[in-house]
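**Q** next comes the sequence, and after it the predicted model I'd like to discuss.
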Amino acid sequence: MVSSTPNGTNDASPHGPFNNGIPTSCPSCPTPLKYSGSLDHLPFFEITPIIGREYPTVKLTDILNAPNAKEQIRDFAIIISERGVVFFRDQHDLGIEEQKRFCDLVARYSGRPEENGLHVHPIFRDPGNLKLPDGSSDENIYVINTAAQKKIYATMPNRAPLTEEPKDLSREWHSDSTFEAHPSDFSMLKMLETPPHGGDTLWASGYEVYDRISPSFRTYLETLTATCAQPVFRSAARAGGYDVMSPRGSPGNVGDGFAPVHPVVRTNRVTGWKAVFAGAGLHVSGINGVYGAEDRVIREFVLGLVMRNHDVVARMRWTRDAVAVWNNSCVWHAATPDTHLVEGNRVGVRASSIGEVPFLDPGSVSRREALGLPRF
């Protein structure tokens with residue numbers, strides 16, 4: 001919680017003009033993109049009517065090597081941004097360099113700021129971080145492993161103690177690198193090892209959460225910002241005796257402050273649609289300019305919309321060498337922490353691009369409005 005008094009503002013964001021501290025324009029971002037049709041020949045199916053798509057036979061290496069690769073990758077950026085998350089199976093030939101290249105190009109061809117690139121994880125230097133399968137390491141690849149993460153993040157404040165009560169899995173929801181001034185736009189995760197079952201990942205549509213809110217209340221939410229503090233990286237680095245990485249995918253992501261201010265509602269630069277962004281989740285430490293009780297009510301309300309409306313969620317049942325690519329500007333995601341109940345390991349490699357400072361264009365519309373869909 002940043003302010004204990006109402007009506008506080010924060011103008012820390014480097015872009016303008018501002019509405020109550022929220023950037024209302026992004027000069028470096030393009031107008032919403034239009035799909036060209038270059039992917040129409042590829043078979044796919046939607047995961048739900050609201051969120052998610054799977055291309056069951058597409059090989060991403062074929063897309064990277066296609067004569068019209070730029071057009072196809074740009075169209076994939078649009079599809080990912082409209083559907084929130086897209087799944088691909090059996091990407092055994094997609095190496096680390098190809099994964100980094102695809103993630104980078106999806107963001108670059110869809111209007112990412114030119115000076116930005118792939119994210120560098122703040123605690124890449126931590127000795128507890130796992131190596132890649134070949135024994136090497138890459139500052140643009142984050143190796144996901146539950147056992148290693150528990151050790152690295154042992155310094156996390158207010159870490160839930162062991163109790164006889166079940167876990168509150170709502171704490172798992174987040175968007176990648178919201179703790180950065182320039183957070184991630186696209187993330188790409190490939191699963192290298194999977195247990196026989198369990199360890200699924202879920203994505204929730206921030207577009208649809210916005211559409212489930214009454215017009216008067218979402219107008220109010222559009223005036224709010226949230227502080228996204230994540231001091232665990234600084235404390236982990238101090239405990240390990242190393243410096244956090246800096247810069248981290250953008251000249252604006254430097255130092256070890258890790259407490260930027262972001263709009264609760266933002267506009268997706270690719271689609272031009274509004275989504276609830278910093279209204280809830282693991283990295284959101286408080287809504288600015290409201291009392292403590294109001295902060296709790298707002299965050300619990302936003303998160304409750306995901307909990308009460310399971311049709312806003314897409315679920316990935318991971319298989320070996322499967323890939324998910326998502327747009328953090330319009331979805332949250334959460335891993336399912338149940339793999340301790342089965343034998344086997346869950347290891348993945350993730351690349352993330354760094355996008356623009358989140359902004360809210362007052363002329364943008366909701367997803368349902370843009371597509372002419374009924375409100376409910």
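**A** Okay, I see it.
**Q** what number of residues lie near E294?
**A** 12 (other C-beta atoms under 10 Å). Every residue, glycine included, has its C-beta placed from N, CA and C.
**Q** and for L169?
**A** L169: 14 neighbours (other C-beta under 10 Å).
**Q** got the contact list for the closest residue to H197 other than its chain neighbours?
**A** Nearest residue to H197, sequence neighbours excluded (C-beta to C-beta, 6 or more residues apart in numbering): V342, at 6.2 Å. When contacts are counted by C-beta atoms under 8 Å, 6 or more residues apart in numbering, V342 touches P195, P196, H197, G198.
**Q** show the pLDDT at V342.
**A** Predicted confidence (pLDDT) for V342: 77.
**Q** for it, give its distance to R315.
**A** 17 Å (C-beta to C-beta, to the nearest Å).
**Q** again with T271
**A** Distance from T271 to R315, by C-beta to C-beta: 23 Å.
**Q** okay, these two: which has more neighbours?
**A** T271 (22 against 13).
**Q** surely that one meets L371?
**A** No. In this structure, T271 is not within contact of L371 by C-beta atoms under 8 Å, at 10.1 Å.
**Q** overlap in contacts of the two?
**A** Between them, T271 and L371 share no contacting residue, judged by C-beta under 8 Å, 6+ apart.
**Q** in the chain, which spans are helices?
**A** Taking DSSP state H as the criterion, the chain carries its helices at 60-65, 69-83, 96-108, 146-152, 206-211, 215-221, 232-240, 292-308, 367-371.
**Q** so which of these is the most packed in?
**A** helix 206-211 (a mean of 27; mean count of other C-beta atoms under 10 Å).
**Q** between the two ends of stretch 357-373, how far is it?
**A** 29 Å (C-alpha to C-alpha, to the nearest Å).
**Q** starting at the chain centroid, how far to that stretch?
**A** 18 Å (C-alpha atoms, centre = their mean, to the nearest Å).
**Q** just the buried positions in it, please.
**A** V357, P358, F359, L360, D361, S364, S366, R367, R368, A370 (16 or more other C-beta atoms under 10 Å).
**Q** ok, stretch 332-343 next?
**A** Here stretch 332-343 shows W332, H333, A334, A335, T336, T339 as buried, counting by 16+ other C-beta under 10 Å.
**Q** could you do stretch 106-125 as well?
**A** Buried residues in stretch 106-125 (16+ other C-beta under 10 Å): 106-113, 116-125.
**Q** number of nearby residues for the closest residue to F376 other than its chain neighbours?
**A** Spatial nearest neighbour of F376, chain neighbours left out: R212 (8.0 Å); criterion: C-beta to C-beta, 6+ apart. R212 is flanked by 20 other residues according to other C-beta under 10 Å.
**Q** R212 touches M307, doesn't it?
**A** No. Counting by C-beta under 8 Å, R212 does not reach M307; the two are 11.9 Å apart.
**Q** tell me which stretches of the stretch 151-300 of the chain form strands.
**A** 184-193, 201-205, 225-227, 261-263, 265-267, 274-276, 286-287 (DSSP state E, counting those that start in this stretch).
**Q** in stretch 241-248, what's buried?
**A** Buried, per 16+ other C-beta under 10 Å, within stretch 241-248: V244, M245, P247, R248.
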